[in-house]
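[1] Fold the following, please.
(chains A and B)
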Amino acid sequence: MARIQLDEVSVDLPVYSASARSLKARLLPAGRIGEGPRHQILVHALRDVSCEFEAGDHVALVGRNGAGKSTFLSVLAGIYEPAYGRVQVEGRIAALLDINLGMEDEATGRENVMLRGRLLGMSKAEITARLAEIVEFAALGDHIDLPLTTYSTGMRLRLAFSVSTCVAPDVLLLDEIIGVGDVEFAKRSTERMQQLIQRSQILVVASHNTHLLAELCNKAIWLEGGRVREIGPAAAVMARYQSS
Amino acid sequence: MPRADRGLRVWPVRYLSAGNRLSMSDPIPTRPAAPPGPAMRSAPAVQMTGHARAWSRAAFMAALADLCDGARNWRLSALLGWSELRRRYRRSLLGPFWITLSMAFFILLVGGVFSQLSGSSMREFMPYIATGYATWLLLSSFITDGCMVFIGSLRFLRQMRLPKTTFVLASVWRDLLVFAHNLPVVLLIFALAGVRPTAWTLMLIPAFLATAAAGLILALVLGMIAARFRDLIPIVSSLLQLLFFLTPVLYQPARLGRAGQLLAFNPATHFVEIMRSAFLGEAPSAASWLAVLGMLAVGAVGGFLLFARFRARITYWV
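    Have a look, this model is predicted:
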């Protein structure tokens, strides 16, 4: 069973200024550097965040810009290991934070599907089996054998989207609902996204589109300045978030 | 109030064997009493970023799990290494064989000049310089690419959870592929100079494995240090040039007399020596093998300790 539990998780992102970053700051006697580098600058991205989600929870992650939404998703995905607190995520995680990750301009569409699929944890056989379906869904046709540089922005996104949504995770993490392409494709991609969401047991989605979140989610977590401002049923939390 | 004084508990993340799960099954390490002032100042980078208790058992288990997961996912490393190499040479006519060509020219021209300088025949000197130079190129690519292991994987590190070892393996694999492209030149020169394999040629296998192991350690250690201290990259690239002239690639150390013995302090000397003797089918120097094995042992232990201590910080550094 998929489960997410965070206990008093804090993430501090250090700022390495050019001088602090250099060995020379370490090698020179302290008096010549001054006070600065001794007190490293930290950005407190998350402070004492605690929450718990079970299978069946669709969680809306709301908050202003810079509230820590992306860092929160990164922590759930296991990218940033928090210095304090405890993270416990059970189940296969799929984090669709950057669907273009691993796509290479000079490589053909086919090679990109392979690389992207492998990064998502699919085996070579799995990708080969699903290749036809991916190409068909992305509506690329013969372009699949051309390098990505020849693709339009829309084609590129469609390909990335088609591969990325092949996964079958227990925990799905989304940074903004991905809507891509023209009207026709947008409709199909919404359907596909919905199927993906239904396949997964827990969904955590960060977005500014409150209408969509209200439709999708049953729970909500509201971050402010890296702290949890409120957590609870989606409708209540979102209503207060919007009126704030 | 500083983070360090708040008495919070530390729960390092670790890998589980099944896929990319996070779990915290370890007992909760409790924060030790705050060390006195001077001791705190000696390790400021750690204290201030709030990463306490890094020497915990959990940190070691996580480092070990990372290595195992990386090794188990070697296919992904091979794919990443290969596609990076392909990316570098895409649309070029000869592709990676440019490396082969440039090495062939170097050996032909520089080798020709230095064989005159050293007064030995081309037939004797060419295999010597070809094997030495191929090994040197491998070592220097380990070092320069090693510095870029984590910096170059920034996008991956920031966007998804993969074992850090995956990037180390990918970098070493790419360098070995380049090395394989240089081998035809060596073999061609062997054929022309009439170098025949002997029983000692079998030493190529352990010599190659030892050099590859050194590559893994170099990539891991240099990759971590360079991610934190960016000055390492220019330092390394300028030292590398110096190191080349202090490595017996273009000359024989015996000709330097007593000064030649000083070259034993250069680690690269020993790797070049074990690889070259195996290539040429000669008995290797026992001292060089001992030095290599000693360096590997120290490097493996030191590298693992460094990895266990700072693995979780790599993502923050890049």
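[2] Domains of chain B: list them as residue ranges, please.
    B:3-53, B:71-317 (automatic domain parsing).
[3] Which of these comes out lowest on mean pLDDT?
    Comparing mean pLDDT across those, the lowest value falls on domain B:3-53: a mean of 35.
[4] Between the domains of chain B, which one is closest to A:Asp145.
    domain B:71-317 (15.1 Å; C-beta to C-beta). (Each C-beta comes from the backbone N, C-alpha and C, glycine too.)
[5] per-residue confidence at the nearest residue to A:Ala235 once chain neighbours are set aside?
    Computed as C-beta to C-beta, 6 or more residues apart in numbering or on different chains, the closest residue to A:Ala235 that is not its neighbour in sequence is A:Ala214, at 7.0 Å. pLDDT for A:Ala214: 87.
[6] cool, A:Ala55 as well?
    88.
[7] which residue packs closest to it, ignoring adjacent ones?
    Using C-beta to C-beta, 6+ apart, the closest residue to A:Ala55 is A:Gln201 (4.0 Å).
[8] Would you confirm that the one you found contacts A:Asp170?
    Yes: assessed by C-beta atoms under 8 Å, A:Gln201 is found in contact with A:Asp170 at 4.9 Å.
[9] overlap in contacts of the two?
    A:Ala2, A:Ala55, A:Gly91 (C-beta atoms under 8 Å, 6 or more residues apart in numbering or on different chains).
[10] Buried only: go through those for me.
    Listed as buried from the shared contacts of A:Gln201 and A:Asp170 are A:Ala2, A:Gly91; burial here means 16 or more other C-beta atoms under 10 Å in any protein chain shown.
[11] Now distance to B:Ala62 and secondary structure too, for the shared contacts of A:Gln201 and A:Asp170, in CSV please.
    Output for those, formatted as CSV (distance: C-beta to C-beta, whole Å; DSSP: H, G, I helix; E, B strand; the rest coil):
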residue, distance to B:Ala62, secondary structure
A:Ala2, 22, coil
A:Ala55, 26, coil
A:Gly91, 19, coil
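[12] Closest one of the shared contacts of A:Gln201 and A:Asp170 to chain B?
    A:Gly91 (7.3 Å; C-beta to the nearest C-beta).
[13] Could you point out the longest helix of chain A?
    For chain A, the longest helix by residue count, based on DSSP state H, is helix A:183-199.
[14] after that one comes which helix or strand?
    Following helix A:183-199 in sequence order, the next helix or strand is strand A:202-206 (DSSP states H and E).
[15] Give me the contacts around the next helix or strand after that next one.
    Next helix or strand after strand A:202-206 toward the C-terminus (DSSP H and E): helix A:210-216. Helix A:210-216 is contacted from outside by A:58, A:60, A:62, A:177, A:197, A:203, A:205, A:207, A:220, A:234-235, A:238, A:241-242, using C-beta under 8 Å, 6+ apart.
[16] Alpha carbons of helix A:210-216, as PDB, please.
    Below are the C-alpha coordinates for helix A:210-216, written out as PDB (Å, rounded to 0.1, in the frame of the first residue of the first chain):
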ATOM      1  CA  THR A 210      -7.500  26.100  -8.300                       C
ATOM      2  CA  HIS A 211     -10.400  25.000 -10.400                       C
ATOM      3  CA  LEU A 212      -8.600  21.900 -11.600                       C
ATOM      4  CA  LEU A 213      -7.300  21.100  -8.200                       C
ATOM      5  CA  ALA A 214     -10.800  21.300  -6.700                       C
ATOM      6  CA  GLU A 215     -11.900  18.800  -9.300                       C
ATOM      7  CA  LEU A 216      -9.000  16.400  -8.800                       C
END
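[17] Can you find the helix or strand of chain A with the lowest average pLDDT?
    Of all helical and strand segments in chain A, the minimum by mean pLDDT, DSSP states H and E falls on helix A:30-33, at a mean of 37.
[18] What's the first helix or strand after that one?
    Downstream of helix A:30-33, the first helix or strand assigned by DSSP H and E is strand A:41-54.
[19] relative to strand A:41-54, how tilted is the next helix or strand after that following strand?
    Next in sequence after strand A:41-54, counting helices and strands by DSSP H and E, comes strand A:58-62. For strand A:58-62 against strand A:41-54, the angle by axes from the mean of the first three to the mean of the last three C-alpha atoms, to 10 degrees is 160 degrees.
[20] Name the residues of the helix or strand hosting A:Val135 that come out as buried.
    In this assignment (DSSP H and E), A:Val135 forms part of helix A:124-138. For helix A:124-138, the neighbour count (16+ other C-beta under 10 Å) marks A:Ile127, A:Arg130, A:Leu131, A:Ile134, A:Val135, A:Phe137, A:Ala138 as buried.
[21] Stretch B:157-177 too?
    B:157, B:159-177.
[22] Same question for stretch B:292-301.
    Neighbour-count burial for stretch B:292-301 flags B:Val292, B:Met295, B:Leu296, B:Gly299 (criterion: 16+ other C-beta under 10 Å).
[23] hang on, the first one packs against B:Ile274?
    Which is B:Val292. Yes: using C-beta under 8 Å, B:Val292 is in contact with B:Ile274, at 5.9 Å.
[24] Next, show the common contact partners of the two.
    By C-beta under 8 Å, 6+ apart, the residues touching both B:Val292 and B:Ile274 are B:Ala210.
[25] How much space separates B:Ala283 from B:Ile274?
    11 Å (C-beta to C-beta, to the nearest Å).
[26] who's more crowded, the two?
    Neighbours were counted for B:Ala283 and for B:Ile274 using other C-beta atoms under 10 Å in any protein chain shown; B:Ile274 has more, 25 against 11.
[27] ok, now which ones touch that one?
    Applying C-beta under 8 Å, 6+ apart, we find B:Ile274 in contact with B:Met203, B:Ala207, B:Ala210, B:Thr211, B:Pro284, B:Ser285, B:Ser288, B:Trp289, B:Val292.
[28] Helices - which of these land there?
    Among the contacts of B:Ile274, the members found in helices (DSSP H) are B:Ala207, B:Ala210, B:Thr211, B:Ser288, B:Trp289, B:Val292.
[29] Would you tell me which one of the residues you listed comes nearest to B:Pro253?
    Distances from B:Pro253 to the ones in helices among the contacts of B:Ile274, taken by C-beta to C-beta, are shortest for B:Ser288, at 11.1 Å.
[30] That closest one - how many residues pack around it?
    Neighbourhood size, B:Ser288 [other C-beta under 10 Å]: 20.
[31] quick one, strands of chain B?
    Using DSSP state E, the strands of chain B run over B:14-15, B:22-23.
[32] can you list the residues of the stretch 51-200 of chain B near chain A?
    B:51-52, B:75-76, B:79, B:83, B:86-87, B:90-91, B:155-162 (C-beta under 8 Å from any C-beta of the partner chain).
[33] mind listing which of those residues are in helices?
    Those of those lying in helices (DSSP H): B:Arg75, B:Leu76, B:Leu79, B:Ser83, B:Arg86, B:Arg87, B:Arg155, B:Phe156, B:Leu157, B:Arg158, B:Gln159.
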